[in-house]
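S.K.: give me coordinates for this.
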Amino acid sequence: EVQLVESGGGLVQAGGSLRLSCAASGFTFDAYGIGWFRQAPGKEREGVSCITTSGSRTYYADSVKGRFTISSDKAKNTVYLYMNSLKPEDTAVYYCAAVPEIHMSGSFDRDLYDYWGQGTQVTVSS
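M.R.: Predicted coordinates:
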């Protein structure tokens, strides 16, 4: 059974930090890239960052460059999203998803992602 399980969300003040985790199982981790997406109320789901599981390629949305860092731990089949200098506009449900590595790019095309997690809420208070 394919599973992507997000954790680490919560409530934080503006300027604070959080680390999100995405634990993957049930598919060949090495063959995929992992992306983080977010969806705020009333808005479309948008790509935030993605990484090949080897860590050789990473992409970031312009809105998070310099504040968020993505990393991959192949030994644990887990991808992390370190979020610093959080802003109220970062408030959203954050999802991780798996895309065949060959299709991974900075365009964050949701249609190319095969598997999705259930999401974790991140709330940034002002």
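
S.K.: Cys15 in helix, strand or coil?
M.R.: One thing to correct before we go on: residue 15 is Gly, not Cys. Classification of Gly15 using DSSP: H, G, I helix; E, B strand; the rest coil returns coil.

S.K.: just to check, it is in contact with Leu86?
M.R.: Yes: here Gly15 reaches Leu86: they are 6.7 Å apart, a contact under CB atoms under 8 Å. Every C-beta, even on glycine, is put in place using the N, C-alpha and C of the backbone.

S.K.: how about the strands in this structure?
M.R.: Secondary structure of the chain (DSSP state E): strands located at 3-7, 10-13, 18-25, 32-39, 46-52, 58-60, 68-73, 78-83, 92-100, 115-116, 120-125.

S.K.: among those strands, which is nearest Ser107?
M.R.: Distances from Ser107 to each of the strands of the chain were compared using CB to CB; the minimum, 7.7 Å, belongs to strand 46-52.

S.K.: now the closest one against strand 18-25, angle please.
M.R.: Angle, strand 46-52 to strand 18-25, by axes from the mean of the first three to the mean of the last three CA atoms, to 10 degrees: 60 degrees.

S.K.: low-confidence ranges in the protein?
M.R.: Within the chain, no stretch has pLDDT under 70.

S.K.: which residue is nearest the centroid of it?
M.R.: Centroid-nearest residue in the chain: Trp36, 2.0 Å away (criterion: CA atoms, centre = their mean).

S.K.: what about Gly15 and Leu86, which has more around it?
M.R.: Comparing Gly15 with Leu86 by other CB atoms under 10 Å, the one with more neighbours is Leu86, at 22 against 11.

S.K.: report the contact partners of that one.
M.R.: Each residue near Leu86 by CB atoms under 8 Å, 6 or more residues apart in numbering is listed here: 12, 14-18, 67, 122, 124.
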